[in-house]
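**Student:** Curious how this folds, go ahead:
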Amino acid sequence: MRSFTQRLLIATLPLSLVGPVLANEVDLPGTMAWTAYGTNSSGYAQAVAIGNMLQNEYGSSVRVLPGENDVSRMTPLKQGRVDLCACGIASYYGAEGVMMFADRDWGPQPIRVITTSTASFGLSLAVAGDLDVETPADLAGKRIAYIRGDDALNKGTEAYLAFGGLTWDDVERVDYPGYARSFDGIIAGDVDASFTTTVTPPAQQLASSPRGISWPVLDPNDEAGWERMAAVAPYFRPHEVTAGAGGISPENPLASASYPYPIVVANQDLEDNVAYGLIRALQEHYDDYKDNAPGANGYALEFQDLEWVVPFHDAVVEYYKETGVWNDDLQAHQDQLVERQQVLMQAWETFMQDAPDDDDAFTSEWMAARATALSDAGFEPVFE
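**Tutor:** Below is the predicted model:
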């Protein structure tokens, strides 16, 4: 809940605090390369819109490379072949060294956030509208889609179940080979809910079907529910959703949850002038790109969660200090995130010195070693 307070403080700061003369100049390279989601995604469109602004204002050319999955988007970043990734929540999994990154070719990555976009949509379980599901607790006994090979979607589902005090054991799990197929299954009556964004085409199709669509309400005052959700997926935040299938609008908002998309990340060693120049350009020229791609208005300063789950690049922190929105509490949070990442990187280095050859044993033993290292350092493992 602290993130709401932080955003409110930022939004209500006097202009004298958010608009001082800045100490550093914008010094961007002549060319940059980014990875992003596929060419039909809002993340790709946003990266192109930002690239156009950077070209027009600073003569900095951005080449956007589409990637069809998390690994293809993050591999060039890991290898140093691109400067940034306009990623999804897999960037957090990469920083933590879990799920698809609990692999001998990956491990925890030294990722730093440059900026994020939190727009009007939410991330939720789309539920068949003929079931009278009002809250996540009402999902008990319902048929819930599990998407094989998609850790992010399944973790989102698990987080919503946790909000309602449920686990996968309390519902009927129905496996699907892909995300779109699960919505075909809801419309056909074979399953009751699947995780998605509120604005995605499959959700619109479900809303237009005979079953209709509904979205579980997440009471922003249900502290126990939010604590259970955070224990499963700490990257979710309360969010008033104002765009989505089933009649969600500014006049008919939904109390739900969201996390940023895209999450623009770089490696820790990205040059300071690039990180600083990007965040400053994105804020100072916000009006020049905010309407040029769906969701691009989510980069506004008031929508930045300064207490999220991945540390900021040091130069981004410097920018926030200069603009007057950074404080001691935010610095303490940043320091904890950096320390957590250092613990993970050291645990990985130690583990790899005597790692098992078998892939299954590798993953299970790394996850155990990871959890032990984090617990010993006073951190919650989250993933075990």
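
**Student:** Grab the nearest non-local neighbour of residue 76.
**Tutor:** Take residue 76 and drop its neighbours on the chain: the residue closest to it by Cβ to Cβ, 6 or more residues apart in numbering is residue 82, 4.4 Å away. No exception for glycine: its C-beta is placed from N, CA and C like everyone else's.

**Student:** so that neighbour sits in a strand?
**Tutor:** No - checked against DSSP: H, G, I helix; E, B strand; the rest coil, residue 82 lies outside a strand; its state is coil.

**Student:** give me the number of residues near it?
**Tutor:** Residues near residue 82, counting by other Cβ atoms under 10 Å, number 23.

**Student:** before we move on, what about residue 375?
**Tutor:** As a burial measure, the neighbour count of residue 375 was computed by other Cβ under 10 Å and equals 12.

**Student:** how far away is the residue nearest to it when sequence neighbours are not counted from residue 123?
**Tutor:** Distances taken as Cβ to Cβ, 6+ apart put residue 381 closest to residue 375, at 6.1 Å, once the chain neighbours are dropped. Distance from residue 381 to residue 123, counting by Cβ to Cβ, to the nearest Å: 23 Å.

**Student:** returning to what we had before: from memory the residue nearest to residue 375 sits against residue 370, does it?
**Tutor:** Yes - Residue 381 is in contact with residue 370 according to Cβ atoms under 8 Å; the separation is 6.7 Å.

**Student:** can you map out the strands along the protein?
**Tutor:** Under the criterion DSSP state E, the chain contains strands at 31-36, 61-66, 84-87, 111-116, 123-128, 143-147, 172-176, 193-197, 213-214, 237-241, 254-258, 263-267.

**Student:** Nearest to residue 295, out of those?
**Tutor:** Minimum separation from residue 295 across those (Cβ to Cβ) falls at strand 193-197, 9.9 Å.

**Student:** Tabulate the CA atom coordinates of the closest one in CSV.
**Tutor:** Extracted as CSV, the C-alpha positions of strand 193-197 are listed here (Å, rounded to 0.1, in the frame of the first residue of the first chain):
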residue,chain,number,x,y,z
ALA,A,193,-11.1,-18.4,-15.6
SER,A,194,-7.7,-17.5,-17.0
PHE,A,195,-5.1,-14.8,-16.2
THR,A,196,-4.7,-11.8,-18.5
THR,A,197,-4.8,-8.0,-18.8
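
**Student:** so who does residue 354 touch?
**Tutor:** Applying Cβ atoms under 8 Å, 6 or more residues apart in numbering, we find residue 354 in contact with no residue.

**Student:** Would you map the helices across this protein?
**Tutor:** Using DSSP state H, the helices found in the chain span residues 2-11, 15-18, 42-58, 70-78, 90-96, 151-163, 179-188, 201-208, 223-232, 272-284, 314-323, 328-352, 359-376.

**Student:** Excluding sequence neighbours, find me the nearest residue to the spatially most central residue of the chain.
**Tutor:** Nearest residue to the geometric centre of the chain (Cα atoms, centre = their mean): residue 89, 3.7 Å. For residue 89, ignoring the flanking residues on the chain, the nearest one in space by Cβ to Cβ, 6+ apart is residue 152 at 5.1 Å.

**Student:** Would you agree the one you found is in contact with residue 90?
**Tutor:** Yes - Residue 152 sits in contact with residue 90 when judged by Cβ under 8 Å, with a separation of 6.2 Å.

**Student:** Name the residues contacting each of those two.
**Tutor:** Counting by Cβ under 8 Å, 6+ apart, the shared contacts of residue 152 and residue 90 are residue 70.

**Student:** what's the distance between the residue nearest to the centre of the chain and residue 375?
**Tutor:** Taking Cβ to Cβ as the measure, residue 89 and residue 375 are separated by 23 Å.

**Student:** I'd like to know which helix or strand in this structure has the lowest mean pLDDT.
**Tutor:** Of all helical and strand segments in the chain, the minimum by mean pLDDT, DSSP states H and E falls on helix 15-18, at a mean of 40.

**Student:** Check the gap between residue 161 and residue 316 for me.
**Tutor:** As it turns out, when the distance is counted by Cβ to Cβ, residue 161 lies 34 Å from residue 316.

**Student:** Then residue 369?
**Tutor:** Distance, residue 369 to residue 316, by Cβ to Cβ: 31 Å.

**Student:** out of the two, which sits in the busier spot?
**Tutor:** Neighbours around residue 369 and residue 316, counted as other Cβ under 10 Å, are more numerous at residue 316. The numbers are 26 against 16.

**Student:** Now for residue 178, how many residues are close by?
**Tutor:** Summarising burial for residue 178: neighbours were counted as other Cβ under 10 Å, giving 12.

**Student:** got the contact list for it?
**Tutor:** With contacts defined as Cβ under 8 Å, 6+ apart, the neighbours of residue 178 are residue 147.

**Student:** just residue 371 next, same as before
**Tutor:** By Cβ under 8 Å, 6+ apart, the neighbours of residue 371 are 381, 383-384.

**Student:** of all those residues, which comes closest to residue 105?
**Tutor:** Residue 105 lies nearest to residue 383 out of these, by Cβ to Cβ, at 18.3 Å.

**Student:** I figured that closest one was touching residue 99, is that so?
**Tutor:** Yes - at 7.5 Å, residue 383 counts as touching residue 99 under the criterion of Cβ under 8 Å.

**Student:** circling back: quick one: which of the contacts of residue 371 is most hemmed in?
**Tutor:** Sorting these by how many neighbours each has (other Cβ under 10 Å) puts residue 383 first, at 18 neighbours.

**Student:** Give me the pLDDT value at the residue nearest to it when sequence neighbours are not counted.
**Tutor:** The spatially closest residue to residue 383, leaving aside those adjacent along the chain, is residue 98, at 4.3 Å (Cβ to Cβ, 6+ apart). Listed pLDDT for residue 98 reads 96.

**Student:** Neighbours of residue 98, how many?
**Tutor:** The burial count for residue 98: 24, using other Cβ under 10 Å.

**Student:** Test my guess that it contacts residue 367.
**Tutor:** Yes - with contact defined as Cβ under 8 Å, residue 98 reaches residue 367; the gap is 7.2 Å.
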